[in-house]
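**Student:** predicted model follows, preceded by the sequence.
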Amino acid sequence: MDLEKLISKINGYQSSMLETLEQLVNLESPSTDKPALDFYAQNLTTRFETLGVETTLITNPTSGAQLKATFQTPQTGSERPGLLLCHYDTVWPLGTIEQQPFRVDGDKAYGPGVYDMKASHVIAEYALRGISELELLLPRPIHILFNSDEEIGSLTSRSIIEEHALQSEYVLVLEPPTAEGALKTARKGVGSFTLQVKGRAAHAGTQPELGISAIDELAHQILYLRNLSDLEQGTMVNAGVVKGGTRSNVIPAYAEAEIDVRAWTQQEAARIENAMGSLQPVSPGVELVVQGGFNRPPMVRSEAIGDLFHKAQRIGANLGLDLQEGSTGGGSDGNFTAALGVPTLDGLGALGDGAHAVHEHILVSDLPVRTGLLAAILLEL
C-alpha cells in the first residue's frame, strides 16, 4: 500500500469534507424526532450509495431507521468483516441550528452535533472514498452501522449492534477521542435508575401527624445512595434529578429521583444493582419502587483490546502520529461489543471538544488526519 499516495488523496478532500460536514450538521437529527432521524438516514444512504456501497435501512417503528452499509473491494476468499459503529442522533432539539448555526472560526468548526458525532460520518465516507478512488484492496469487507438512538441508550439498536459484532473480526467505534487525542480502550458502564417513594398526604398545618413525607424519605435514601459511591474504584452514584410534592402546605405523598451510576468493572456494577434492589424504607409506612439497571456494561480493557490498539498505534506511527490510549467515564456502543469479547477500539472520531455543550466543535485540520488514519487501519487489519 502506498501510504503517501493515500494520505495525499485524503488531504485533497479537506474542503469537500468541510462542505459535507456543514450539510450534515444542518440536517438536524434529535434522538426523539423520528421523521428527522429517518430523513437523515435517507440522506446518509444516498451519500454512501454514490461510493458503490451496499446499503440497507432497517426500519424502526419507534425511532429512526438503523442504516447498515457494506463496502468491499475485489478480493480473494471470504474473511469475517470489520465493523464500524457510528450514531447519527444528537442531544440537540429541532431548531437548535437556528440559534447555533454551523460556522468556522479559524481551525474550529462549530455546530450542534458536529463533534458528537457527525464529523465521524464525514471521516467514514471519505476514508472509503479514498480507498475506492485509488482502487486499493481491503483485506476484508467493512460493515458500518449508523445507530439512531445511541444518545438515549441504544434501546432499539443494541440487538442489531451485538448481532453484527459477533460476526465481525473487530469493531472500530467512531466516537471522538479523548481531549488529548488518545484512542479509548476502556469506558465505564452506565446505569440509570428511578427511585419512587410513596408516602401519605396530610395537611401540613392541621394534621401533619397523619402524613408520611415522601420527600423526607427520599432525602434519607439519597444520602444512603451517595455513600454507595467508591471513588477509589471509580464508582459514582449520582441523584441528578429529584421531583416531589404538590404544595408547600401539604405533606408530600410522592417523590422520585433519577439516579445515574458509573462503574469501571462488572463487579462494581453488580454491587450497585444489588444495593438498588435491596433498598429499605427508613420511615414506617413508606413504599419504595426501584426501576432500571445498567444499560451499558463496562468496556474493560482486555488483552484483545490492547492488541487492537497496538496495531492501530503502529499504523498511526507510519503516518507520523503518536497515538496513545485513554479511558472515559462516558459510555458508547463499544461497551456492548467489548462485553461480548469482540476486540473493540473506540475514539476514532475527530479531535475537538464540547460534546452536548454550546461550544461543541471539531478541529478542521484534524479531519483529513483522522480520515487517513481510519483508511490505513481498514487497509491493514
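**Tutor:** Cool, the structure landed.
**Student:** contacts only, for A350.
**Tutor:** Each residue near A350 by C-beta atoms under 8 Å, 6 or more residues apart in numbering is listed here: Y115, A119, S120, V122, I123, P176, I362, L363, D366, L367, R370. Quick note: C-beta positions are derived from backbone N, CA and C, even for glycine.
**Student:** and the pLDDT at it?
**Tutor:** The score at A350 is 96. That number is its pLDDT.
**Student:** before we move on, back to that, closest to L57 among the contacts of A350?
**Tutor:** Distance from L57 was checked for each of the contacts of A350 by C-beta to C-beta. The minimum falls on S120, at 19.1 Å.
**Student:** which strands or helices does the helix or strand harbouring the closest one pack on?
**Tutor:** Secondary-structure element containing S120, defined by DSSP states H and E: helix 119-133. Using 3 or more C-beta pairs under 8 Å, 6 or more residues apart in numbering; DSSP states H and E as the contact test, the elements touching helix 119-133 are helix 3-11, helix 14-26, helix 34-49, strand 82-87, strand 142-147, helix 366-380.
**Student:** CSV for those, including distance to N238?
**Tutor:** Below are the helices and strands packed on helix 119-133 laid out as CSV (distance: least, C-beta to C-beta, whole Å):
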stretch, distance to N238
helix 3-11, 42
helix 14-26, 31
helix 34-49, 29
strand 82-87, 24
strand 142-147, 25
helix 366-380, 32
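**Student:** among the ones you listed, which comes closest to W264?
**Tutor:** Comparing the helices and strands packed on helix 119-133 against W264 with C-beta to C-beta, the closest turns out to be strand 82-87 (21.0 Å).
**Student:** and the next helix or strand past the closest one?
**Tutor:** Where DSSP H and E defines the elements, the next helix or strand beyond strand 82-87 is helix 96-99.
**Student:** give the buried residues for that following helix.
**Tutor:** T96, I97 (16 or more other C-beta atoms under 10 Å).
**Student:** could I get the CA-only coordinates of it as PDB?
**Tutor:** Provided in PDB are the C-alpha atoms of helix 96-99 (Å, rounded to 0.1, in the frame of the first residue of the first chain):
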ATOM      1  CA  THR A  96     -31.200  24.500  17.600                       C
ATOM      2  CA  ILE A  97     -29.400  25.100  14.300                       C
ATOM      3  CA  GLU A  98     -31.100  28.500  14.100                       C
ATOM      4  CA  GLN A  99     -29.600  29.600  17.400                       C
END
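**Student:** rewinding a little: make CSV out of the helices and strands packed on helix 119-133 and add mean pLDDT, mean neighbour count and distance to K108.
**Tutor:** Conversion of the helices and strands packed on helix 119-133 to CSV gives the following (pLDDT from 0 to 100; neighbours: other C-beta atoms under 10 Å; distance: least, C-beta to C-beta, whole Å):
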stretch, mean pLDDT, mean neighbour count, distance to K108
helix 3-11, 93, 17, 19
helix 14-26, 97, 18, 12
helix 34-49, 96, 18, 23
strand 82-87, 97, 26, 22
strand 142-147, 97, 24, 25
helix 366-380, 96, 23, 10
